[in-house]
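[1] build me a model:
(one chain, ligands or ions: 1)
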Amino acid sequence: MSTDAAQPQLNWVFLGPPGVGKGTYATRAAKAFGIPHIATGDLIRAEIAAGTDMGKQMKAIVNSGKLLPDAMVQEVLQARLAKGRAEGERGFLLDGFPRTRAQAEQLVQSVDVGLVLNMSLREEVLVEKCMGRRLCRHCGKNYNIADIYLPASGGRPEIIMPPLSPPPECAPHLETRADDTEPVIRHRLEVYKREATPVEDFFRQRGLLVDFEITAGIPETLPYLMPLLQSYVGRRANEPPVKA
Ligand SMILES: Nc1ncnc2c1ncn2[C@@H]1O[C@H](COP(=O)(O)OP(=O)(O)O)[C@@H](O)[C@H]1O
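    Numbering: from 1, shown residues only. Purely as a prediction, here's the structure:
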């Protein structure tokens, strides 16, 4: 993947339901393509952890599984994007934004989005995936203790997703997100189902949406994902592939 200074501006967005693996793949893709992984959920959790006035307002809403008001998310996101521009970042990989049509409209008014990857995963495993999430409070890395096997059914593919286990040194320091409890996860999934279609339609109508179904673990998925993303370097999703 190109990481030199000649790299074109990449303004990419990863959409998808809680537990699909947006953060897992966005982290790896951002590193490979030399752009920052900007996850609104992480920005929000940092604001909450900092105990700012806005963070205090955010905490109750986040822990209930509801979306934050657009203006509140915009405030933390625009601050992060402005910092990136000032530091010469060549774009971004947005994770968890936009989540409403209004956010999508605001985004395309402020930046030239090149690609919106719409990640999906059989719904039956999303709750288990979210319940299995663990964060190491020492190294900050994300793991997942869920060991998932789902046979093919109704034309949907078999899913084999072994755990993404932490190394021994992380095991004593693992923590679970406050909003990763079953009732809150189920509420977040309902919120996602209600809000996601208008966002997907908004980008599909602009020829920017590329659907990508997750059917296995990271080792099996990356060899398909990375070449797909590479094919969009230097062009928008709705432009013809660049001649090799
Ligand atoms: N774009 C957004 N608009 C509104 N609220 C958001 C947005 N991004 C994150 N949040 C808030 O932060 C919470 C956690 O988001 P995130 O870390 O992306 O979790 P997940 O993708 O697992 O739902 C969301 O449930 C919501 O309360």
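
[2] quick check, the residue in the protein closest to the ligand?
    Closest to the ligand within the chain is Gly41: 1.9 Å, counting by C-beta to the nearest ligand atom. C-beta: built from backbone N, CA, C; applies to glycine.

[3] check which helix or strand covers that residue.
    helix 40-49 (DSSP states H and E).

[4] near the ligand, which residues of this protein?
    Residues of the chain that fall close to the ligand, judged by C-beta under 6 Å from any ligand atom: 18, 22, 40-41, 44, 61-62, 65-68, 73, 96-97, 99, 103, 179, 188.

[5] quick one on the thing from earlier: state the distance from the closest residue to the residue of the chain closest to the ligand other than its chain neighbours to Pro17.
    Excluding the flanking residues, the one nearest Gly41 by C-beta to C-beta, 6 or more residues apart in numbering is Gly96, at 4.8 Å. According to C-beta to C-beta, to the nearest Å, Gly96 stands 11 Å off from Pro17.

[6] how many neighbours does the residue of the chain closest to the ligand have?
    Residues lying near Gly41 (other C-beta atoms under 10 Å) number 18.

[7] who does the helix holding Gly41 touch, helix- and strand-wise?
    helix 53-64, helix 70-86, strand 91-95 (3 or more C-beta pairs under 8 Å, 6 or more residues apart in numbering; DSSP states H and E).

[8] so where's this structure shaky on pLDDT?
    Applying pLDDT under 70 to the chain flags residues 1-7, 242-244.

[9] strands of this structure, residue ranges please.
    For the chain, the strands defined by DSSP state E cover 10-15, 37-39, 91-95, 115-120, 133-136, 142-144, 148-150, 159-161, 174-175, 209-213.
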